[in-house]
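J.: For reference, the sequence and a predicted model appear below.
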Amino acid sequence: MTPLAQLPHPGALRPAPDATLPERSRARLAGIGTAVPPTSYSQRELLDIFGIDDPRVRSVFLNSAIERRFLTLPPEDPAGGRLPEEQGALLAKHRRQGIEVGARAVEDCLKDMNADLSDIGYLCCVTSTGFLTPGFSALLIRELGIDPSCGRLDVVGMGCNAGLNGLNAVTGWAQAHPGRLALMVCVESCSAAYVFDGTMRSSVVNSLFGDGAGAVAVIADDPKERPGPEVLKFTSHIITEALDAMRYDWDDDQGRFSFFLDPDVPYVVGAHAELAIGRLLSGTGLRRDDIAHWTVHSGGKKVIDSVRINLGLTQHDVRHTTGVLRDYGNLSSGSFLFSYDRLRDEGLARRGEYGVLMTMGPGSTIETALIRW
């Protein structure tokens, strides 16, 4: 008897989606790569490093479902504390670290699919933790020696959802250029966007985000050469009444930008998750229970629980999402790529099965993509 875990998901046995998904050579996710800074800390270590004794703040850190995060902390002062970083120093950290982890993620992605830097025809760089001109696309082309005539795009400031916005553009380019390799890299140095002012507003943000980069390669060619799930469809849903729920504000007292997260964000996102998925599956002939694999943004424990409950998902469905949150924290736009990497390495996805990629962020926005192995 075939073990249950090796049987295809029921969705793989249903008819293929209807004509809204044309039967031509579709773009596929052909490679994945991730990278993080060299230093990581437990939540308790971070509390001790910064001498945080406030029981409310400690509770936020220690009940976050996060065990460790990779971060680049401020330099130590002679007394063992941490030196303050002005906005200019934070931007320099964003640039320096972004180039380093971004380059490693790109190289890891190319190695994963046995491709070379010379194969890249289009490069999209996504970030929300700093502002650079020129952006990471130009910086990484120079750093890695990518062909300077490579097409490029920088997606800046869209927040945690932006990975799927970038993937939409990359998929479109790959579809229009069959056989050419398009690559997206999400570069987030969240420790370059922290404010240490002792407030609960800043403490919630400081307890959540980590540093890292994720890259994904997309190509429309013979799937026998580079296997990977087809990208079938994207949808976007903006909750306009929650436009200010996630935002950057300028803090005059601190002389830097400060990120704000409304406490109701998890419930607002969760309440609209069913609508977003309904729009994604509309016209495909698929039902929600036909989706075998879910890759949801690791936005935080409450966000994940709210989305899971509203969509009727199991803890198993979001195992990679919660695992990435536990091991890395919220990696902003690149979080879903870390989860997809774990799903792919697990090796359980079968031919014909469907998956959903889902990210959430400022707007407030829910982005989704439908894929099929």
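T.: Ah, there it is. Everything numeric in this text was worked out from a predicted model, so none of it was measured. Residues are numbered from 1 along each chain as shown.
J.: okay, now residue 41: neighbour count?
T.: The criterion is other C-beta atoms under 10 Å. On that basis, residue 41 has 16 neighbouring residues. (C-beta placed from N, C-alpha, C; glycine too.)
J.: Can you name the residues that contact it?
T.: Each residue near residue 41 by C-beta atoms under 8 Å, 6 or more residues apart in numbering is listed here: 49, 68, 69, 71, 73.
J.: quick one: which of the residues you listed sit in helices?
T.: residue 49 (DSSP state H).
J.: Buried subset of the contacts of residue 41 as a ChimeraX selection?
T.: Restricted to the buried members of the contacts of residue 41, where burial is judged by 16 or more other C-beta atoms under 10 Å, the ChimeraX selection command reads as follows:
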select :68,69,71,73
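J.: Could you tell me which of the contacts of residue 41 belong to strands?
T.: Judged by DSSP state E, strands contain the following of these: 68, 69.
J.: Tell me the one of the contacts of residue 41 nearest residue 270?
T.: Each of those was scored against residue 270 by C-beta to C-beta, and residue 69 proved nearest at 23.8 Å.
J.: from memory the closest one sits against residue 329, does it?
T.: Yes: judged on C-beta atoms under 8 Å, residue 69 makes contact with residue 329 at a distance of 3.9 Å.
J.: Which neighbours do the two have in common?
T.: Among the neighbours of residue 69, those also in contact with residue 329 (C-beta under 8 Å, 6+ apart) are 209, 210.
J.: Buried residues of the helix ranked longest in the chain, list them for me.
T.: Across the chain, the helix with the greatest residue count (assigned by DSSP H) is helix 87-112. The neighbour-count check on helix 87-112 (16+ other C-beta under 10 Å) flags 90-91, 93-95, 97-106, 108-110, 112 as buried.
J.: All the helices of the stretch 151-300 of the chain, residue numbers only.
T.: In the stretch 151-300 of the chain, helices defined by DSSP state H, counting those that start in this stretch lie at 162-176, 200-206, 265-281, listed in chain order.
J.: what pLDDT, on average, does the longest one get?
T.: Averaged across helix 265-281, pLDDT comes to 95.
J.: what's it packed up against?
T.: Packed against helix 265-281 by the contact rule (3 or more C-beta pairs under 8 Å, 6 or more residues apart in numbering; DSSP states H and E) you find strand 230-238, helix 301-311, strand 354-361, strand 365-372.
J.: quick one: contacts of the longest one?
T.: Residues outside helix 301-311 that contact it (C-beta under 8 Å, 6+ apart): 64-65, 265-267, 269-271, 273-274, 277, 288, 296-298, 313-315, 317-318, 321-322, 325, 358, 360.
J.: Of the residues you listed, which qualify as buried by neighbour count?
T.: Buried subset of the contacts of helix 301-311 (neighbour count, 16+ other C-beta under 10 Å): 64, 265-266, 269-270, 273, 277, 288, 296-298, 313, 317-318, 321-322, 325, 358, 360.
J.: Name the nearest residue to residue 179, sequence neighbours excluded.
T.: Taking C-beta to C-beta, 6 or more residues apart in numbering as the measure, residue 179 lies nearest to residue 221, with 4.8 Å between them; neighbours along the chain are not counted.
J.: and what of residue 44?
T.: residue 62 (6.8 Å).
J.: residues contacting the one you found?
T.: Residues in contact with residue 62, defined by C-beta under 8 Å, 6+ apart, are 43, 44, 47.
J.: For residue 185, give the beta-bridge partners.
T.: Beta bridges link residue 185 to residue 125, residue 215, judged by DSSP bridges.
J.: Could you pull up the residues touching it?
T.: Shown here is residue 185, whose contacts under the criterion C-beta under 8 Å, 6+ apart are 102, 105-106, 109, 123-126, 136, 140, 213-215.
J.: run the last query once more with 6 Å
T.: In this structure, residue 185 makes contact with 102, 105, 106, 125, 215, judged by C-beta atoms under 6 Å, 6 or more residues apart in numbering.
J.: chain center to the longest helix of the chain: distance?
T.: The chain centre lies 15 Å from the centre of helix 87-112; the measure is C-alpha atoms, centre = their mean, to the nearest Å.
J.: ditto for stretch 68-83
T.: 26 Å.
J.: List the buried residues in that stretch.
T.: For stretch 68-83, by 16+ other C-beta under 10 Å, it's 68, 69, 70, 71, 72, 73, 74.
J.: looking at it, the fourth one is touching residue 192, isn't it?
T.: So that's residue 71. No: the pair residue 71 / residue 192 is not scored as a contact, 9.9 Å apart, by C-beta atoms under 6 Å.
J.: Low-confidence ranges, the chain, go.
T.: 1-25 (pLDDT under 70).
J.: Can you pull the domain assignment for it?
T.: Partitioning the chain according to automatic domain parsing yields domains covering residues 32-219, 228-372.
J.: Could you tell me the end-to-end distance of the first one?
T.: By that I understand domain 32-219. One end of domain 32-219 to the other measures 12 Å (C-alpha to C-alpha, to the nearest Å).
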